[in-house]
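J.: Task: produce atomic coordinates for the following.
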Amino acid sequence: MALGVWALVGPESFSEFVNFPPHRHFVRDVGAFQLGIGVTLLLAAFRADGLVVALAGYLVGPAAHTVVHVLDPHLGGSVGQTLLIGLGALLAAVALAACWRTKHPDMGGPELSWSARGAVTSPDSTSRA
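T.: Just a heads-up that it's a prediction; the model follows:
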C-alpha cells in the first residue's frame, strides 16, 4: 500500500526511485491499482469473507483511479473514460453495501415491509385502527 500511495502523491520521485520513465498520469494510475491491491491484501488478513474483501479492495482501485483522472485531465484519458471508471467504483460501492447488508442485517437499518393498506411499516411500529 505504501508504494501505491507514494506513486499517487509523488509520481516524479517514485519514477526516479524505481528508474521508470517519468509519466505522471501513468505512474499515478499504477499507484491507484497498487493501492487497491494493498487494501485487498490488508483486508484479507482480517476478514474471512472473500466477497466483502474483493469488493472493498476493488472499490479502492477505481475510486483512486477516478481521482487521478480528475486531477490530471490534460495528461491522459477522456471525460468518458473518467465517467466509466467512476461508474465502476460506484457499482462496486453499491454491491459492497448490498453484500454487507445481506450478511449483517442488524447493522443495515430497520427492515421495512408493505402493509395490506400499502403503507410502509417496520417491525417495531404499531398498527392504528
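J.: these two touch, right, residue 75 and residue 22?
T.: No. Between residue 75 and residue 22 there is no contact under C-beta atoms under 8 Å: 11.4 Å. Backbone N, C-alpha and C define where each C-beta goes, glycine included.
J.: can you give me the strands for the protein?
T.: Applying DSSP state E to the chain gives strands spanning 113-114, 120-121.
J.: and the longest helix for the protein?
T.: Longest helix of the chain, by residue count under DSSP state H: helix 79-103.
J.: Just checking the distance from that one to the centre of its chain.
T.: With C-alpha atoms, centre = their mean, to the nearest Å as the basis, helix 79-103 stands 7 Å off its chain's centre.
J.: Report the buried residues of it.
T.: Within helix 79-103, the residues scored as buried using 16 or more other C-beta atoms under 10 Å are 82, 85-86, 88-89, 92-93, 96, 99-100.
J.: so who does the residue nearest in space to the middle of the chain touch?
T.: Centroid-nearest residue in the chain, with C-alpha atoms, centre = their mean: residue 59, separated by 2.2 Å. Residues near residue 59 by C-beta atoms under 8 Å, 6 or more residues apart in numbering: 36, 89, 92-93, 96.
J.: Excluding chain neighbours, what is closest to it?
T.: In space, and not counting its chain neighbours, residue 59 is closest to residue 92: 4.1 Å by C-beta to C-beta, 6 or more residues apart in numbering.
J.: What is the neighbour count of residue 43?
T.: 18 (other C-beta atoms under 10 Å).
J.: wait, what's in contact with it?
T.: So residue 43 contacts 52-53, 56-57 (C-beta under 8 Å, 6+ apart).
J.: And the pLDDT at it?
T.: With respect to pLDDT, residue 43 has a value of 91.
J.: any idea what sits nearest it, other than its immediate chain neighbours?
T.: That would be residue 53: by C-beta to C-beta, 6+ apart, it lies 4.6 Å from residue 43.
J.: That neighbour is in contact with residue 42, isn't it?
T.: No. Between residue 53 and residue 42 there is no contact under C-beta under 8 Å: 9.3 Å.
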